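1. 3D, please:
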Amino acid sequence: MSPTEFSLVAVTVSFFGLLVWVYSPRRRERLESYGAMPLEDDADGQARVSEPRSRLEHEERT
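-> Next up is the predicted model:
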């Protein structure tokens, strides 16, 4: 087996192993909670909204 073929097999096996690990049933609850994070409220009841700032606005504030 040449190094190129070995690399291809290693990357393919690693990719599918990572998919199985990430989408295993044990991690489902954690992944679903991560997906809902942008919609959750902060402790003070305000929704988390991050507004993009221009570089000039950022420099004016500092």
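
2. quick one: the helices in the chain?
-> For the chain, helices defined by DSSP state H occupy the ranges 3-22, 28-36, 55-61.

3. show me the residues around residue 5 that make contact.
-> Shown in contact with residue 5 (Cβ atoms under 8 Å, 6 or more residues apart in numbering): no residues. The way it works is simple: take the backbone N, C-alpha and C, and place the C-beta from them, glycine included.

4. From residue 22, how far off is residue 12?
-> Counting by Cβ to Cβ, to the nearest Å, the separation of residue 12 from residue 22 is 16 Å.

5. So, low pLDDT: which residues of the chain?
-> 42-62 (pLDDT under 70).

6. cutoff 90 now
-> For the chain, the stretches flagged by pLDDT under 90 are 1, 21-62.

7. Residue 31: neighbour count?
-> For residue 31, the count of nearby residues is 11 (other Cβ atoms under 10 Å).

8. who touches it in this structure?
-> Contacts of residue 31 (Cβ under 8 Å, 6+ apart): 22-23.

9. Next, work out how far apart residue 4 and residue 12 are.
-> The value you get for residue 4 to residue 12, if Cβ to Cβ is used, is 13 Å.

10. Check residue 39 too.
-> The gap separating residue 39 from residue 12 is 36 Å, by Cβ to Cβ.

11. now residue 30
-> 26 Å.

12. again with residue 5
-> Taking Cβ to Cβ, one finds residue 5 at 11 Å from residue 12.

13. do residue 1 as well
-> 13 Å.

14. Between the two, which contacts overlap?
-> What both residue 1 and residue 12 touch, as defined by Cβ under 8 Å, 6+ apart, is an empty set.
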